[in-house]
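A.B. asks: Compute the structure for the input listed below.
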Amino acid sequence: MDKVYYRPITHTDASRPETALTLAGGWCWFDEVEKITRGGLRELMPAAHLPEDIRYRLTARRAPVAGLGMEQPRLMGILNVTPDSFSDGGLFDDPDIALEHAQAMVEAGAEIIDIGGESTRPGAQEVDEDEEIDRTAPVIAALRDMGFDAPISIDTRKAMVGDAAVEAGADMINDVSAMEFDPAMAELAAITGLPICLMHAQGLPDTMQDDPRYTDVLLDVYDYLEARIELAEANGVDREKIIVDPGIGFGKTLQHNLALVRGLSLFHGLGCPILLGVSRKRFIGEIGLAPDARARVPGTLAVTLAGLGQGAQIHRVHDIAEVAQGLRLWQAVNFGYEKADEQ
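C.D. replies: Predicted coordinates:
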């Protein structure tokens, strides 16, 4: 029998039917789901007819991430202390400038800062772990010494880098390889008890965009993340500590990326918060006619709003002030100005 997938059809409208269910304890609701199989079935069904275990996964309130409740959207500011990241390489590799930028992002609306010392742009080469530690751990330690109290995430594929970052004061691990590059990452997550984001990527950065192929990208990515969650749990990581990321732009074509954004609500069925990272990605430039990555703010905001409309909880972006403004307006339109103002 074909495996069945359930994608909630999400809404934020104030006119909510009594039979509607709240999605992941957040701001969206649904009263229908799309029932999908690999055999080609796609049909709508009432949410009231969901199997009990699926209903629970789709509706249960998510645990806080690094102290941040998931009942409202959260902005994660990107701080790349690298010389070669695709849109901001070399801008923040000076420690003093990195510290200043981290503070500026929080002032602009970021609630968590994601610090990375290895570019994972298409074509990027691996960085030695000692060099990656030297780029990231001192910045984290300096932020903590300055009294910086916002949550800090370490963006790395390597357990030794993650361990050094945690020692320096990091609160979360963001692994774009979902523990495949370095299996010891599962042990680090289990021992520290910190939240870990597991992201899907097809291939390694230096080759991932050569010719990515999927049978069904939405279902393939879902199955992959489901398997990585099960592996993490088998290694002692609590599911409540796991965040999932479909990996927009990591071994995907433009059409793959659009399919994942269009079907994003499916991933709530994994029972974990969703992190969406679309900031300045190449497909935004292709569709939005913006070859300069730093000119892709409007497109980034458009796709971020699409993710908000499907209940994605964490949004990883470069341009915090612009996206924070868009988020506040989106909240005001959907839920009223008073609520947006409170947040």
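A.B. asks: So residue 244, which state does it fall into?
C.D. replies: Here residue 244 is strand, with the state taken from DSSP: H, G, I helix; E, B strand; the rest coil.
A.B. asks: Can you show me the strands along the protein?
C.D. replies: Shown for the chain, the strands assigned by DSSP state E span residues 4-8, 21-22, 29-30, 32-37, 42-46, 74-80, 112-116, 152-155, 172-175, 196-199, 242-245, 275-276, 314-317.
A.B. asks: Quick one: closest of those strands to residue 129.
C.D. replies: Of all those, it is strand 152-155 that lies closest to residue 129, at 12.4 Å by CB to CB. Where C-beta positions appear, they are placed from N, C-alpha and C, glycine not excepted.
A.B. asks: what's the average pLDDT for that closest one?
C.D. replies: The pLDDT scores in strand 152-155 average 98.
A.B. asks: That one pairs with which strands, and in what direction?
C.D. replies: In the sheet, strand 152-155 lines up against strand 112-116 (parallel), strand 172-175 (parallel) (DSSP bridges).
A.B. asks: shaky segments in the stretch 151-300 of the chain?
C.D. replies: For the stretch 151-300 of the chain, no stretch has pLDDT under 70.
A.B. asks: mind redoing it with 90?
C.D. replies: 203-211 (pLDDT under 90).
A.B. asks: Would you map the helices across it?
C.D. replies: Taking DSSP state H, counting those that start in this stretch as the test, the helices found in the stretch 151-300 of the chain are 159-168, 184-192, 217-234, 254-262, 282-288, 297-308.
A.B. asks: Please identify which of those helices is closest to residue 50.
C.D. replies: helix 217-234 (16.4 Å).
A.B. asks: which stretches of the stretch 1-150 of the chain form helices?
C.D. replies: Using DSSP H, counting those that start in this stretch, helices in the stretch 1-150 of the chain cover 52-59, 95-108, 129-145.
A.B. asks: any chance of those in JSON lines, plus mean pLDDT, distance to residue 188 and mean neighbour count?
C.D. replies: Converted to JSON lines, those look like this (pLDDT from 0 to 100; distance: least, CB to CB, whole Å; neighbours: other CB atoms under 10 Å):
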{"stretch": "helix 52-59", "mean pLDDT": "98", "distance to residue 188": "26", "mean neighbour count": "16"}
{"stretch": "helix 95-108", "mean pLDDT": "91", "distance to residue 188": "23", "mean neighbour count": "17"}
{"stretch": "helix 129-145", "mean pLDDT": "94", "distance to residue 188": "13", "mean neighbour count": "19"}
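A.B. asks: Ok, which of these comes nearest residue 322?
C.D. replies: helix 95-108 (8.8 Å).
A.B. asks: contacting residues around that closest one?
C.D. replies: 77, 79, 81, 91-92, 113, 115, 138-139, 142-143, 146, 148, 150, 320-321, 324 (CB atoms under 8 Å, 6 or more residues apart in numbering).
A.B. asks: go again using 7 Å as the cut-off
C.D. replies: For helix 95-108, the surrounding residues in contact (CB atoms under 7 Å, 6 or more residues apart in numbering) are 77, 79, 81, 92, 113, 138-139, 142-143, 146, 148, 150, 320-321, 324.
A.B. asks: Let me know the angle separating it from strand 112-116.
C.D. replies: 150 degrees (axes from the mean of the first three to the mean of the last three CA atoms, to 10 degrees).
A.B. asks: Can you pull up the most central residue in this structure?
C.D. replies: Nearest to the mean C-alpha position of the chain, counting by CA atoms, centre = their mean, stands residue 275 at 1.9 Å.
A.B. asks: Could you pull up the residues touching it?
C.D. replies: Residue 275 makes contact with 197, 243, 245, 314, 316, according to CB under 7 Å, 6+ apart.
A.B. asks: Per-residue pLDDT of residue 343, please?
C.D. replies: Confidence score, pLDDT, at residue 343: 45.
A.B. asks: returning to what we had before: please identify the most buried of the helices of the stretch 151-300 of the chain.
C.D. replies: Compared across the helices of the stretch 151-300 of the chain, helix 159-168 shows the largest average neighbour count, a mean of 22 (mean count of other CB atoms under 10 Å).
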